[in-house]
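A.B. asks: structure for the following, please:
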Amino acid sequence: MALNKYMHPRNIYKTPPDFGKLSKLFSEFSSISKVDVTGKIMIDFKDPHSLRILTKCLLKSDFNLDVDIPEDRLVPTLPLRLNYILWIEDLLDSIQRRDNIKGIDIGTGACAIYPLLAAVKNKWNFLATETDSESLSKAQENVQKNNLQEIIQLKKNTTQSIISHVFSDDPNQEFDFCMCNPPFYSTLQELYESRSPARLPPKNGFTGSPQELITEGGELEFCRQLIKESKMYKECVNIFTTMVGHKYNVSVLIQQLKLEGIKHTHTEFCQGRVTRWGLAWTFKDYDLIKLVPPRDKPRKKHTPTIYVLPELPNRDNKTDIALNKIKEILDKLDITNNLIDKRGKNVTLDIVAHTNTWSNQRRKRRLERRIETVAKITKPNEEKDEEHKTKLNSESVSGSDLPASTRDDESVCSQDKSFDSNVDDQLVDSVQVCKGQPLVHAFLKLVKKENSTLLELEYLDGNAGKEGLHQIAQYIKNNWK
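C.D. replies: Presented below is the predicted three-dimensional model:
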């Protein structure tokens, strides 16, 4: 479903570009476009070369920017980039900052797209950083080509820090905001497996280099480090922001900001068929969530599901004991769990399940017993068959002279092997694996109330939905004692 109607209200791309006009203005665009039977001009969005030409032509026609996009680098999607800039405009306007704006672009890339767009649109000053030498060199060419070197400075980041290096030369610098579009993935494998097979194929072709898409620990750890470093420079930057590519990371980061008492807000960037998220926080005296609310129509909040856990036999009903028991069950189910808050007798875990290991437990045990039974039958038959083969080889007996019992044994063995294989297939089918987005992502809370321990589950997202979380809760209850 197209999400253009949910774009930022000031985004010029709420109305799709006029390809006919672009075809007349730019011969490059004309060379990659074609006319369908209805007379509509189209391009192949799955072709990276076509995407590159489209973006270059839009930057020239709509912003008078000449930008060279290398073939081995990410092609920036302009509606998304513009959505991010417009949201920062809203944030700055809410705190009465409208003139002499100075921002930081972390990881500017080869196109330096954010500084270029904001410079020509708003006359913002930028310090743009980059770790990759080739991308930095190309970004410098693009800035100089558009005569914007006076308001856009570029700096090579040779450190492991995200923002700290900016202040290494001058710790007293002041900025209105920082922005960042961090790499989404932690490994190439995660990149290739990131899209759920249940989703429709992407409309656009794939572009980008590993250094633009991959970072150690993935997007979540990158953003956590940015939050950590931001505390050291809370007086130097009015508003810290970052884009977030995975929905289930947004909830984790918001929870972290809440627990640390950091004022924040967030938003959705909707464009085409893609949704991204923006997260902003500040250490100044701005109540961002009131100044710039997340959305006019906020997401439906999931009501937590609460269970009373039975008392464990021969054990005191203490939170630590319940926590150890919960972690033991989650580890058994291969559900990752991270402690994100522990205050007094209340504990909060962030849990993520990528594989369904909790369903059909009785069926799995029954199939496992049948496999064991088949193995016991199969092994003697195989040994007996091997004895027959040895005997036949020594006596040079032809296959047609084999005793009927031997042929029967071979038949039984063959059937048993076939049955064994079928059982294995059934066991594999009984476990669902979802690559990319998890099956279930939730907050699990243990709350001590009087003499009882409450299990509180707050669903965040996942392909298995709330039903998957309820199944996990039922498994915990069934295996509690």
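A.B. asks: now Asn4: closest residue in space that isn't a chain neighbour?
C.D. replies: Distances taken as Cβ to Cβ, 6 or more residues apart in numbering place Lys14 nearest to Asn4, at 5.7 Å, with adjacent residues excluded. For the C-beta atoms, the positions are set from N, CA and C on the backbone; glycine is no exception.
A.B. asks: neighbours around the one you found, how many?
C.D. replies: Neighbourhood size, Lys14 [other Cβ atoms under 10 Å]: 14.
A.B. asks: Lys21 and Ser31: what is the separation?
C.D. replies: Separation of Lys21 from Ser31 (Cβ to Cβ, to the nearest Å): 16 Å.
A.B. asks: so for these two, which residue has more residues nearby?
C.D. replies: The neighbour count for Lys21 versus Ser31, taken as other Cβ under 10 Å, is higher for Lys21 (13 against 10).
A.B. asks: could you say which helix or strand contains the more buried one?
C.D. replies: helix 19-25 (DSSP states H and E).
A.B. asks: now do the phi/psi pair for Gly465.
C.D. replies: Main-chain torsions, Gly465, degrees, to the nearest 10: phi 70, psi -170.
A.B. asks: sorry, back to before: and the residue nearest to Asn4, what pLDDT?
C.D. replies: The per-residue pLDDT reported for Lys14 equals 89.
A.B. asks: quick one: contacts for it?
C.D. replies: Asn4, Lys5, Met7 (Cβ atoms under 8 Å, 6 or more residues apart in numbering).
A.B. asks: considering these, which possesses the most neighbours?
C.D. replies: The most crowded member of those is Met7, carrying 21 neighbours; neighbours defined as other Cβ under 10 Å.
A.B. asks: shaky segments in the stretch 101-250 of the chain?
C.D. replies: 184-217 (pLDDT under 70).
A.B. asks: by contact count, what packs against the helix or strand containing Phe29?
C.D. replies: In this structure, Phe29 sits in helix 27-32 according to DSSP H and E. In terms of contacts (3 or more Cβ pairs under 8 Å, 6 or more residues apart in numbering; DSSP states H and E), helix 27-32 is packed against helix 19-25, helix 48-63.
A.B. asks: out of these, deepest packed?
C.D. replies: helix 48-63 (a mean of 19; mean count of other Cβ atoms under 10 Å).
A.B. asks: report the separation between the most centrally placed residue in the chain and Leu279.
C.D. replies: Geometric centre of the chain, nearest residue: His246, 3.2 Å, by Cα atoms, centre = their mean. From His246 across to Leu279, the span is 12 Å (Cβ to Cβ).
A.B. asks: what's in contact with stretch 78-86?
C.D. replies: Defining contact as Cβ under 8 Å, 6+ apart, one finds that stretch 78-86 is touched by 4, 7-8, 10-13, 55, 58-59, 62, 113-114, 117-118, 121-122, 179, 181, 243, 269-272, 274, 276, 278.
A.B. asks: does the residue nearest to Thr282 when sequence neighbours are not counted sit in a helix, a strand or a coil?
C.D. replies: Distances taken as Cβ to Cβ, 6+ apart place Ile239 nearest to Thr282, at 5.0 Å, with adjacent residues excluded. Recorded secondary structure, Ile239: strand (DSSP: H, G, I helix; E, B strand; the rest coil).
A.B. asks: so how far is Thr265 from Ile239?
C.D. replies: 9 Å.
A.B. asks: could you count how many residues lie near His264?
C.D. replies: Using other Cβ under 10 Å: His264 sits among 22 other residues.
A.B. asks: would you agree it is in contact with Tyr286?
C.D. replies: No - assessed by Cβ atoms under 8 Å, His264 is found out of contact with Tyr286, at 10.2 Å.
A.B. asks: elements contacting the helix or strand hosting Phe177?
C.D. replies: Assigned by DSSP H and E, Phe177 belongs to strand 175-180. For strand 175-180, the elements it packs on are helix 78-94, strand 102-106, strand 237-244, judged by 3+ Cβ pairs under 8 Å, 6+ apart.
A.B. asks: could you dump these into CSV and include distance to Lys228?
C.D. replies: Formatted as CSV, the helices and strands packed on strand 175-180 follow (distance: least, Cβ to Cβ, whole Å):
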stretch, distance to Lys228
helix 78-94, 21
strand 102-106, 14
strand 237-244, 11
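A.B. asks: can you redo those as TSV with mean neighbour count and distance to Gly462?
C.D. replies: Formatted as TSV, those follow (neighbours: other Cβ atoms under 10 Å; distance: least, Cβ to Cβ, whole Å):
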stretch	mean neighbour count	distance to Gly462
helix 78-94	20	24
strand 102-106	24	30
strand 237-244	25	17
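A.B. asks: can you tell me the SS state at Thr265?
C.D. replies: strand.
A.B. asks: isn't it up against Ile289?
C.D. replies: Yes - contact criterion Cβ under 8 Å: Thr265 and Ile289 qualify, at 4.4 Å.
A.B. asks: who's more crowded, the two?
C.D. replies: Counting neighbours by other Cβ under 10 Å for Thr265 and for Ile289 shows that Thr265 has the greater number, 26 against 13.
A.B. asks: beta partners of the more buried one?
C.D. replies: Beta-bridge partners for Thr265, by DSSP bridges, are Ala280.
A.B. asks: tell me the contacts of it?
C.D. replies: The contact partners of Thr265, by Cβ under 8 Å, 6+ apart, come to Leu91, Ala280, Trp281, Leu288, Ile289, Leu291, Val292, Pro293, Pro294.
A.B. asks: for Leu116, same thing?
C.D. replies: By Cβ under 8 Å, 6+ apart, the neighbours of Leu116 are Leu59, Phe63, Leu65, Val67, Asn142, Val143, Asn146, Leu148, Ile152.
A.B. asks: count of neighbours near the closest residue to Gly103 other than its chain neighbours?
C.D. replies: Closest residue to Gly103 apart from its sequence neighbours, by Cβ to Cβ, 6+ apart: Phe177 at 4.8 Å. Residues near Phe177, counting by other Cβ under 10 Å, number 22.
A.B. asks: so what's Ile113 up against?
C.D. replies: Applying Cβ under 8 Å, 6+ apart, we find Ile113 in contact with Val67, Pro76, Arg81.
A.B. asks: Ile472 and Lys332 touch, don't they?
C.D. replies: No - judged on Cβ under 8 Å, Ile472 makes no contact with Lys332 at a distance of 11.7 Å.
A.B. asks: same drill for those two, tell me which one is more crowded.
C.D. replies: Ile472 (26 against 12).
A.B. asks: isn't there a helix covering the more buried one?
C.D. replies: Yes - counting by three-state DSSP, Ile472 is found in a helix.
A.B. asks: give me the pLDDT for it.
C.D. replies: pLDDT for Ile472: 90.
A.B. asks: look up how far Gly39 lies from the nearest residue to it once chain neighbours are set aside.
C.D. replies: Spatially, and ignoring its direct neighbours in sequence, Ile472 is nearest to Trp358 (5.6 Å; Cβ to Cβ, 6+ apart). Taking Cβ to Cβ as the measure, Trp358 falls 55 Å from Gly39.
A.B. asks: who has more neighbours, those two?
C.D. replies: Using other Cβ under 10 Å, the more surrounded residue of Trp358 and Gly39 is Trp358, with 23 against 7.
A.B. asks: contact partners for the more buried one?
C.D. replies: Leu333, Gln471, Ile472, Tyr475.
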